[in-house]
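> What follows is a predicted protein model with its sequence.
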Amino acid sequence: MANFNVKVVGLRDLQRKARADVLFQPPFREGLEEAAKAAADIIRGGAPSGATGALRAKLTYKLQASPVPRYAVIKTTATRSSKNYRRYSYPKRLEFDPRSKHKDWMLKGLRKARGAVQHILDRTGAKIRGQWGR
C-alpha cells in the first residue's frame, strides 16, 4: 500500500472565499452604513427647524449590531416640554398629526433619499461581486 500526500495550492484562499463573513460582511456593513448616513443627511435637510434646531441636531442613524445588519434606524431623540406635557416627542406629533403643516416630514425625506440609497446599495453589490472575482 502506498501513501500519497496531496497539496492543494490555493486551498486556504478558497476556504476563505467560501466563508461569507470575509467577502460579504465588511462591504455590506459599510454600504448599509453609508446608505443610512446619506438618508439621514437628506432627511435632516428637509426636517422642520424651530427656534432651537433640536429636531435636526438630534437626528441620528444606527445599524443593527449584528455582523450582517438587516436594518438601519433613522430617528430623532428631540423632545419638548410644556406646562401640560413633560418631554413629549414633538417630532412624532409633527409627522403624524393631520393638523400639522409639517405632516409626513420624515416620510417625504425618505422618499427623496431612495435614489441615493439605491445607488449606494448598487455600488455595494458590485463590491461584493468584485470580491468573488478575486
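Looks like it arrived, so ask away. Residues are numbered from 1 along each chain as shown.

> roughly how far is the longest helix belonging to the chain from the heart of the chain?
When the chain is parsed with DSSP state H, its longest helix is helix 105-133. Relative to its parent chain, helix 105-133 has a centroid offset of 10 Å by CA atoms, centre = their mean, to the nearest Å.

> same question, stretch 95-102
For stretch 95-102, the distance from its own C-alpha centre to the chain's C-alpha centre is 26 Å (CA atoms, centre = their mean).

> Quick one: end-to-end distance for it.
Between the opening and closing residues of stretch 95-102 lies a distance of 7 Å (CA to CA, to the nearest Å).

> The most centrally placed residue in the chain: which element?
Nearest residue to the geometric centre of the chain (CA atoms, centre = their mean): Ala36, 3.0 Å. Using DSSP states H and E, the element containing Ala36 is helix 25-46.

> Could I get the buried residue list for that helix?
25, 27-29, 31-36, 38-40, 42-44, 46 (16 or more other CB atoms under 10 Å). Any C-beta I mention is one placed from the backbone N, CA and C, and that applies to glycine too.

> Tell me the helices and strands packed up against it.
For helix 25-46, the elements it packs on are strand 59-63, strand 72-76, helix 105-133, judged by 3 or more CB pairs under 8 Å, 6 or more residues apart in numbering; DSSP states H and E.

> I'd guessed Thr124 sits against Pro26; true?
No - contact criterion CB atoms under 8 Å: Thr124 and Pro26 do not qualify, at 10.5 Å.

> Quick check: Lys37 vs Pro67, distance?
To Pro67, Lys37 is 19 Å away according to CB to CB, to the nearest Å.

> same question, Gln131
Distance from Gln131 to Pro67, by CB to CB: 16 Å.

> re the thing from before, can you list contacts of the helix holding Ala36?
Contacting residues not belonging to helix 25-46 are listed as 56, 59-63, 67-69, 72, 74, 105-106, 108-110, 112-113, 116-117, 120-121, 123-124, 127-128, 131 [CB atoms under 8 Å, 6 or more residues apart in numbering].
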